[in-house]
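[1] Attaching a predicted model along with its sequence, questions to come.
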Amino acid sequence: MARIPEGRLLAALRGYVSAAIGCPPARVAEASRFPDGNRHAVYKVSYLDPAGATTEVVVRVCSGSGPDDCSRAEWEARVLAKTGGTAAPLLYDFRLRSEWFGTPAMCMQFVPGHQMELGSANPAEIERLGSVVRWVHDRPVDDLVEGHEGEDVEDVVAYAERRLRSIVSTLIWVRDPLPGLTQARLRAAADSVETTVETSREARSFRTGEALALQHGDIGPGNVRWGPDPVLIDWEYARLGDPADEIAYVFDQNGLTGAQREAFWRGYRVGAGGRAALAQIADRVDWWEPVTLLGSALWWVERWVRRAEADAAGRADPAVPREPGYYSERVMSRLARLEDRLTRDGR
């Protein structure tokens, strides 16, 4: 999305919110931009409802308008229409293009509450999060399959193979100017993780024939709003996949302790399809944890390299606004945890 002058931006936000909510533009009071946002500009916009009370909504405007940007935005809007109001914000409006913005934009509920590191949450909070994640995984997805990138994937084995291939493909970012030792460690870890695919094909827990489930795709501290119950925001990475993939991500990316993991399972097991099904999911979580750690490490590698290359060329890359040390620290912390996990697993 090209940068819009501040005056025009406020007018565009007023016009869009007015159309989305059905209030006069003059009742749209102010807008402020959230500092974070991956591939999007995100704004909190206030307006006066018919009773004169101030109400807030969130407007998110995509940075690009290409086919991938549009299909991803359409998919997210479909997911929000299914989950909003319980595990996600309510979606009020979605448009691929409009008179206000030339890229996909959506207007949704502003969810009050606070954010926190999940590792600092108490067991009762983590248990509630487990219940919300289970609710998401239990949503019927037949109406979401059409047009989804994984529509040809029918079981968790095929999904695991495709997901790992996608992660390994990002090894192209393991290159200079990364330190040579770091490159060697990342490639060795990737080799160890890849060897587990053959074993997973034959594992009983992977041979369940269960359907793929809806996943949020990025449950971290910035994407959970804590009110009376946790609400998941920012669904741009939502996909159909193995529930164990999502749970492994929650566990390892947030450094949950054993007690916190037990609390999560207490919340998740309600309605999880019986003791046998839960045991199979838990068994697959053990396989997924190194995979998700590798994926996370390589995601941060890309940002580290992009920032270093931008600095070397004397230009700014809006996708990597932080200092290089921010990205390198995240690569190294995840790589250390991945190596520790592989060593404990004897891989």
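    Yep, it's here. Numbering: from 1, shown residues only.
[2] need the strands for this structure, in chain order.
    Along the chain, counting by DSSP state E, strands occupy 28-33, 40-48, 54-62, 91-95, 105-109, 213-215, 224-226, 230-232, 239-241.
[3] Within its sheet, name the partner strands of the last one and how each one runs.
    In this case it means strand 239-241. Take DSSP bridges as the rule and strand 239-241 pairs in its sheet with strand 213-215 (antiparallel).
[4] can you give me the offset of the strand it pairs with from its chain's centre?
    On the basis of C-alpha atoms, centre = their mean, to the nearest Å, strand 213-215 sits 12 Å off its chain's mean C-alpha point.
[5] still on that earlier bit, of all the strands of the chain, which lies closest to Gly267?
    When those are compared by C-beta to C-beta, strand 230-232 sits nearest Gly267, at 10.0 Å. (C-beta placed from N, C-alpha, C; glycine too.)
[6] which other residues reach that closest one?
    For strand 230-232, the surrounding residues in contact (C-beta atoms under 8 Å, 6 or more residues apart in numbering) are 83, 87-89, 111, 113, 125, 128-129, 132, 136, 216, 219, 223-225.
[7] sorry, back to before: out of the strands of the chain, which comes closest to Pro318?
    Of all these, strand 40-48 sits nearest to Pro318, with 10.1 Å by C-beta to C-beta.
[8] Run the angle between the closest one and strand 28-33 for me.
    150 degrees (axes from the mean of the first three to the mean of the last three C-alpha atoms, to 10 degrees).
[9] And the pLDDT at Glu210?
    The model reports Glu210 with a pLDDT of 80.
[10] can you pull the contacts of the residue lying closest to it once chain neighbours are set aside?
    Once flanking residues are discounted, Glu210 sits nearest to Val156: 6.5 Å by C-beta to C-beta, 6 or more residues apart in numbering. Val156 sits next to Phe206, Thr208, Glu210, Leu212, Asp242, Ala244, Arg284 when contact means C-beta under 8 Å, 6+ apart.
[11] rewinding a little: can you redo the strands of the chain as TSV with distance to Ser296 and mean neighbour count?
    Listed next are the strands of the chain as TSV, based on distance: least, C-beta to C-beta, whole Å; neighbours: other C-beta atoms under 10 Å:
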stretch	distance to Ser296	mean neighbour count
strand 28-33	26	16
strand 40-48	20	19
strand 54-62	23	20
strand 91-95	28	19
strand 105-109	26	22
strand 213-215	15	23
strand 224-226	17	21
strand 230-232	18	22
strand 239-241	16	21
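[12] Now tabulate those strands in JSON lines and tack on distance to Glu309.
    Below are the strands of the chain laid out as JSON lines (distance: least, C-beta to C-beta, whole Å):
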{"stretch": "strand 28-33", "distance to Glu309": "27"}
{"stretch": "strand 40-48", "distance to Glu309": "23"}
{"stretch": "strand 54-62", "distance to Glu309": "24"}
{"stretch": "strand 91-95", "distance to Glu309": "35"}
{"stretch": "strand 105-109", "distance to Glu309": "30"}
{"stretch": "strand 213-215", "distance to Glu309": "32"}
{"stretch": "strand 224-226", "distance to Glu309": "32"}
{"stretch": "strand 230-232", "distance to Glu309": "33"}
{"stretch": "strand 239-241", "distance to Glu309": "29"}
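[13] Please convert the ones you listed to TSV, extending it with distance to Leu171 and mean pLDDT.
    Below are the strands of the chain laid out as TSV (distance: least, C-beta to C-beta, whole Å; pLDDT from 0 to 100):
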stretch	distance to Leu171	mean pLDDT
strand 28-33	34	88
strand 40-48	27	91
strand 54-62	28	94
strand 91-95	35	97
strand 105-109	33	96
strand 213-215	23	94
strand 224-226	30	95
strand 230-232	30	96
strand 239-241	21	92
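[14] Which pLDDT value goes with the nearest residue to Gln215 once chain neighbours are set aside?
    Closest residue to Gln215 in three dimensions, ignoring its sequence neighbours and counting by C-beta to C-beta, 6+ apart: Glu246, at 4.4 Å. pLDDT, Glu246: 97.
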